[in-house]
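*Asks:* Mind folding the following:
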Amino acid sequence: MTITFRELKTQQELKQLEALESAIWKGETPIPHHMTLTLAKFGGLFLGAYDRDDQIIGFLYSFPGYTDGQPHLCSHMMGFLPEYRKQGLGVQMKWLQRDEAIKLGHTKITWTYDPLETVNGFLNIVKLGGIVRTYYPNCYGSLDDDFNRGLPTDRFLVEWFLASNRVENYRTGSKRLPELQGAPQVLRFEKSANLPRPVEMDTTREEDVVLLPVPAFFQDVKRADLTVASEWRKMTGTLFASYFARGYAVTHLIREEDMVIYVLEKQPLSALLERA
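*Replies:* Okay, here's the model as predicted:
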């Protein structure tokens, strides 16, 4: 299998996205072709992944945006056909996105993900070197798909500082991880019948590094007990929002059996980004 990646520019290339989106997210309405064309003409960046150079099997699209008056590229959607997932193609696509965004003059790309879906966290933070300083409660309102049904759609905002030492070190595999010795956990949980349940949180710690555990398989928790899943959503949302408001940022994740530990550091942004 030979997978190639390239920017999508022509009407014919962009037209392929409607059918691809419908195949990836069955039952969802794809982005209209006229909107795709408009975005592509006025600063949008569309990337495609091809098998044998003729069959499109994945895509990523983004568009220019502003936050507090500062421009950046908003990475909105990435997807692959089911048989091409879990092969590292998303990582390759994101590094191509970085290269193309820099050519367009961008210094930062942003996107959102559910903090309790830790597979996305490992991609965004551990593999790419993104950081998180912002928590959006119920970002997309109520959604009735299997992935989101029954809970508020809380999201992290990932910031990917494209030209920073941090991101370059993650690209080359020479990243430097934070010192964790003595770092306190700010959420205590208990397990009953292999189901982790949050029982106590601490929003008062002031150490340079704090740790926040979440379930590694949140969809399993939802299927087992939606009330417990709701408690995870509520307590972690409170904790992340509290620590972000006091200058902490998510910089790393650690897997421990069926739990994942978020690492939050309290340092100036410049120190986080330029750490060699």
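*Asks:* Bridged to the closest residue to E256 other than its chain neighbours, which residues?
*Replies:* Leaving aside its sequence neighbours, E256 sits nearest to P213 (Cβ to Cβ, 6 or more residues apart in numbering; 7.7 Å). For the C-beta atoms, the positions are set from N, CA and C on the backbone; glycine is no exception. Assessed by DSSP bridges, P213 has beta-bridge partners I261.
*Asks:* Please apply the same query to T4.
*Replies:* Going by DSSP bridges, T4 forms beta bridges with Y50.
*Asks:* tell me which residues of the one helix or strand R255 maps to are tucked away?
*Replies:* Here R255 sits within strand 248-256, counting by DSSP states H and E. Across strand 248-256, burial judged by 16 or more other Cβ atoms under 10 Å covers 248-253.
*Asks:* In the longest strand along the chain, which residues are buried?
*Replies:* Selection of the longest strand in the chain by residue count, based on DSSP state E, yields strand 55-67. For strand 55-67, a neighbour-count test (16+ other Cβ under 10 Å) marks 56-64 as buried.
*Asks:* Quickly run through the sheet partners of it, with directions.
*Replies:* Strand 55-67 is paired, per DSSP bridges, with strand 45-51 (antiparallel), strand 70-80 (antiparallel).
*Asks:* Figure out how far it is from the centre of its chain.
*Replies:* From the chain centre to the centre of strand 55-67 is a distance of 14 Å (Cα atoms, centre = their mean, to the nearest Å).
*Asks:* which residues are contacting that strand?
*Replies:* Strand 55-67 is contacted by residues 3, 8, 16-17, 20-21, 31, 36, 39, 43-51, 71-81, 84, 89-90, 93-94, 97, 101, 106, 109-111 when judged by Cβ atoms under 8 Å, 6 or more residues apart in numbering.
*Asks:* returning to that earlier point: give me the contacts around the strand holding R255.
*Replies:* Under Cβ under 8 Å, 6+ apart, the answer for strand 248-256 is 118, 121-122, 125-126, 131-133, 156, 177-178, 180, 210, 213, 216, 240, 260-267, 269, 272.
*Asks:* Sort out for me which of these are in strands.
*Replies:* Reading strands off the contacts of strand 248-256 with DSSP E, I get 131-133, 156, 210, 213, 260-266.
*Asks:* Could I get the full set of helices for this structure?
*Replies:* 11-24, 33-41, 89-103, 118-121, 165-172, 218-224, 226-245, 269-274 (DSSP state H).
*Asks:* what angle sits between the fifth one and helix 89-103?
*Replies:* Read it as helix 165-172. With axes from the mean of the first three to the mean of the last three Cα atoms, to 10 degrees defining the directions, helix 165-172 sits at 130 degrees from helix 89-103.
*Asks:* mind exporting helix 165-172 as CSV, just the C-alpha atoms?
*Replies:* This file holds the C-alpha atoms of helix 165-172, laid out as CSV (Å, rounded to 0.1, in the frame of the first residue of the first chain):
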residue,chain,number,x,y,z
ASN,A,165,11.4,24.8,19.5
ARG,A,166,8.8,22.6,21.1
VAL,A,167,7.1,21.6,17.8
GLU,A,168,10.4,21.2,16.0
ASN,A,169,11.7,18.9,18.7
TYR,A,170,8.6,16.8,18.5
ARG,A,171,9.0,16.5,14.8
THR,A,172,12.6,15.3,15.1
